[in-house]
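Engineer: here is my input, please return the structure:
(2 chains)
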2 protein chains.
Amino acid sequence: MHILVIGAAGMVGRKLVAKLARDGGPGGRAIDTLTLVDVVPPAVPEGFSGSAEAVTADLSAPGEAEALVARRPDIVFHLAAVVSGEAEADFDKGYRINLDGTRYLFEAIRQEGLKAPYKPRVVFTSSIAVFGAPFPDRIHDEFFTTPLTSYGTQKAIGELLLSDYSRRGFFDGIGIRLPTICIRPGKPNLAASGFFSGILREPLAGREAVLPVSEDVRHWFASPRAAVGFLVHAAEVDTAALGDRRNISLPGLSATVGEEIAALRRVGGDKAVALIRREPDPTIARIVAGWAQDFDTRRAEALGFRAETSFDAIVRAHVEDELGGVVGG
Amino acid sequence: MHILVIGAAGMVGRKLVAKLARDGGPGGRAIDTLTLVDVVPPAVPEGFSGSAEAVTADLSAPGEAEALVARRPDIVFHLAAVVSGEAEADFDKGYRINLDGTRYLFEAIRQEGLKAPYKPRVVFTSSIAVFGAPFPDRIHDEFFTTPLTSYGTQKAIGELLLSDYSRRGFFDGIGIRLPTICIRPGKPNLAASGFFSGILREPLAGREAVLPVSEDVRHWFASPRAAVGFLVHAAEVDTAALGDRRNISLPGLSATVGEEIAALRRVGGDKAVALIRREPDPTIARIVAGWAQDFDTRRAEALGFRAETSFDAIVRAHVEDELGGVVGG
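Structural biologist: Take a look at the predicted model:
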């Protein structure tokens, strides 16, 4: 089996590649070849018994998608994207990478199939940013997509293309809308959503973190471990059950900042919680107020997708996967 | 005022141009210049007091959109599209005309605005084909778009682009999903929907027509006259009331084939009805079964969009506008 991972150098991409190298492909099938692609050189996993190649490429550059698809991978994970803030700041770049790049990939697969029969599974990471306020308290799978960012627009267009290319039989696609990933490892960043991870990650490592919103702010979460599980499951799920509705909102945990802090207290104690510094930021509060808080994901659950059901589990996953089981830095 | 009509040679485009030439622009404002564009030469309206120019151009060819937009029209009507059947039969052409052509137009307007402030009203004709079965008996404005044709996919993508370009302030856009136009004038064609018009148009002119489905088939209709009214109203409506949700399903009449025939009987008598020949066609019946039957259009109604409320009115509009008031050929 040959697996292509586009966006392999990103946080979720790296974790996906590590899992594939360790556990094999969907259904435990042996992976002969891993092709890992990103705009910066992706790391090749250590100890992988098959053939792994790292390719530095920009999907939106002419010919790049064709060259990757000419290797006829069985599974294509398309994780590459310019993130929300950058797509909003740089209109041209967002459309080039997120829309043109995705379309070039899909079209390259169609063209490859015109040469000789070819129908890979394509797993596309979409986003809950395809939804825009106002929306119901719980967003169901038949709610309309009215994105309020260029990023969300580009992801919604990707979903439509994925559905049409799948309906026409050019590939076997599934688009998965990931919850906000928490606890995101690594350094604090400037994303408006950064504090959701920061107020857990930093105190768990013995460092201070800033909380810019009130404790009653509610949002939608899954761990990096759950995100990798989603991707692998999306590669093996029976898409016949999706019919022509190829894009689904995945399970997550709807929780408040207060519930995050309560979980932190149970795992890291009062000492960890004391490292959270409250600095209300009206700008961030306003941005976050427009975000989805909860989803009805019975469709994805029926397909076997599973996320954490408590913030304690999300925190434990971080302590195990990122801190070697040790709290407190 | 300068008005650009793209798709000016089509049935609705010709009627729109005739109305603009006769009645002036939105709010009765005088039209100095009409630029009429299509892939075949559009007719210039007779007796128009302003300047009218017919341009033969393909919006999906490089540079064409820029040249049209460089004239800085105040209002852009974008009606041009490859229709459903052709977009399904010719995948490349459908995406080239319906997606690339639309995107080139929107992008040309953005680029023109980067040279000097420019923010035209853009009226984009979308379609109820953005919805795909299964759907509720009445499709409301928050129902998700899951098109089951490439045409519907391309229109749904156009809607998303229109919303994003409007949100970013590049133009002031509104996307209108037209009902099925009935009674479509002209010769019978091979469209699966053709009989909805044919069973009225042909008998009203004293000719036989074929009915391939049963009388209980329900669908969603508006007259060509209503469609032109929608376009003009869309060009003048206050888009502030739309917020960031720039695409709306327009009012129509939900009616069965039986109700069509009853209206024909009232206007044309038993003699006209006797010209309908019943020839059940399982293929057409199956296609039509997947089409929307009714819409909840309270949002468009609150904005002042109005359609016929009876099939008698639809038939009368046809007799007045196409037959000079004379039934029976």
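
Engineer: quick one: residue A:192 and chain B, what's the gap?
Structural biologist: 18 Å (CB to the nearest CB, to the nearest Å). Glycine gets a C-beta too; all of them are placed from N, C-alpha and C.

Engineer: ok, that residue touching residue A:284?
Structural biologist: Yes: assessed by CB atoms under 8 Å, residue A:192 is found in contact with residue A:284 at 5.3 Å.

Engineer: point out where the stretch 151-300 of chain A drops to low pLDDT.
Structural biologist: Along the stretch 151-300 of chain A, segments meeting pLDDT under 70 are nowhere present.

Engineer: what about the strands in the stretch 1-150 of chain A?
Structural biologist: Using DSSP state E, counting those that start in this stretch, the strands of the stretch 1-150 of chain A run over residues A:2-6, A:33-38, A:51-56, A:75-78, A:121-127.

Engineer: now do the contacts for the residue in the stretch 201-329 of chain A positioned nearest to chain B.
Structural biologist: Residue nearest to chain B within the stretch 201-329 of chain A: residue A:245 (5.4 Å; CB to the nearest CB). Neighbour list for residue A:245: A:141, A:163, B:146 [criterion: CB atoms under 8 Å, 6 or more residues apart in numbering or on different chains].

Engineer: save the strands of the stretch 1-150 of chain A as TSV, and put in mean pLDDT too.
Structural biologist: Shown next, in TSV, are these (pLDDT from 0 to 100):
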stretch	mean pLDDT
strand A:2-6	98
strand A:33-38	98
strand A:51-56	96
strand A:75-78	98
strand A:121-127	97
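
Engineer: who does the spatially closest residue to residue A:124 that is not a sequence neighbour bridge with?
Structural biologist: Closest residue in space to residue A:124, ignoring its immediate chain neighbours: residue A:175 at 4.4 Å, by CB to CB, 6 or more residues apart in numbering or on different chains. For residue A:175, the beta-bridge assignment (DSSP bridges) gives partners residue A:124, residue A:247.

Engineer: next, count neighbours for residue A:175.
Structural biologist: Residue A:175 has 27 neighbouring residues, counting by other CB atoms under 10 Å in any protein chain shown.

Engineer: which bits of the stretch 151-300 of chain A sit near chain B?
Structural biologist: A:153, A:156, A:157, A:160, A:161, A:163, A:164, A:167, A:168, A:244, A:245 (CB under 8 Å from any CB of the partner chain).

Engineer: need the helices for the stretch 1-150 of chain A, in chain order.
Structural biologist: Taking DSSP state H, counting those that start in this stretch, the helices of the stretch 1-150 of chain A run over residues A:11-23, A:64-69, A:84-89, A:91-94, A:102-115, A:150-167.

Engineer: let me know which of the ones you listed is tucked in deepest.
Structural biologist: Highest mean neighbour count of those: helix A:150-167, a mean of 26 (counted as mean count of other CB atoms under 10 Å in any protein chain shown).

Engineer: and the angle from it to helix B:102-115?
Structural biologist: The directions of helix A:150-167 and helix B:102-115 differ by 160 degrees, with axes from the mean of the first three to the mean of the last three CA atoms, to 10 degrees as the criterion.

Engineer: how is chain A divided into domains?
Structural biologist: A:2-178+A:223-249, A:179-222+A:252-294+A:308-329 (automatic domain parsing).

Engineer: would JSON lines of those with distance to residue B:58 be doable?
Structural biologist: Putting the domains of chain A into JSON lines (distance: least, CB to CB, whole Å) gives the following:
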{"stretch": "domain A:2-178+A:223-249", "distance to residue B:58": "20"}
{"stretch": "domain A:179-222+A:252-294+A:308-329", "distance to residue B:58": "40"}
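
Engineer: with respect to burial, which of those scores highest?
Structural biologist: domain A:2-178+A:223-249 (a mean of 20).

Engineer: what about it, start to end distance?
Structural biologist: Terminal residues of domain A:2-178+A:223-249 are spaced 27 Å apart (CA to CA, to the nearest Å).

Engineer: now swap in stretch A:44-51 and tell me
Structural biologist: One end of stretch A:44-51 sits 10 Å from the other (CA to CA).

Engineer: what does that stretch rub up against?
Structural biologist: Contacts with stretch A:44-51, where a contact means CB under 8 Å, 6+ apart, come from A:17-18, A:20-22, A:30-34, A:36, A:52-54.

Engineer: now do the closest residue to residue A:303 other than its chain neighbours against residue A:299, distance only.
Structural biologist: Distances taken as CB to CB, 6+ apart put residue A:237 closest to residue A:303, at 5.3 Å, once the chain neighbours are dropped. Residue A:237 sits 12 Å away from residue A:299, going by CB to CB, to the nearest Å.

Engineer: chain center to stretch A:141-148: distance?
Structural biologist: Distance of stretch A:141-148 from the chain centroid (CA atoms, centre = their mean, to the nearest Å) equals 18 Å.

Engineer: please apply the same query to stretch A:174-187.
Structural biologist: In terms of CA atoms, centre = their mean, the centre of stretch A:174-187 is set 4 Å apart from its chain centre.

Engineer: before we move on, what about stretch A:117-137?
Structural biologist: The chain centroid and the centroid of stretch A:117-137 are separated by 10 Å under CA atoms, centre = their mean.

Engineer: equivalent analysis for stretch A:132-148, please.
Structural biologist: Per CA atoms, centre = their mean, the centroid offset for stretch A:132-148 relative to its chain is 19 Å.
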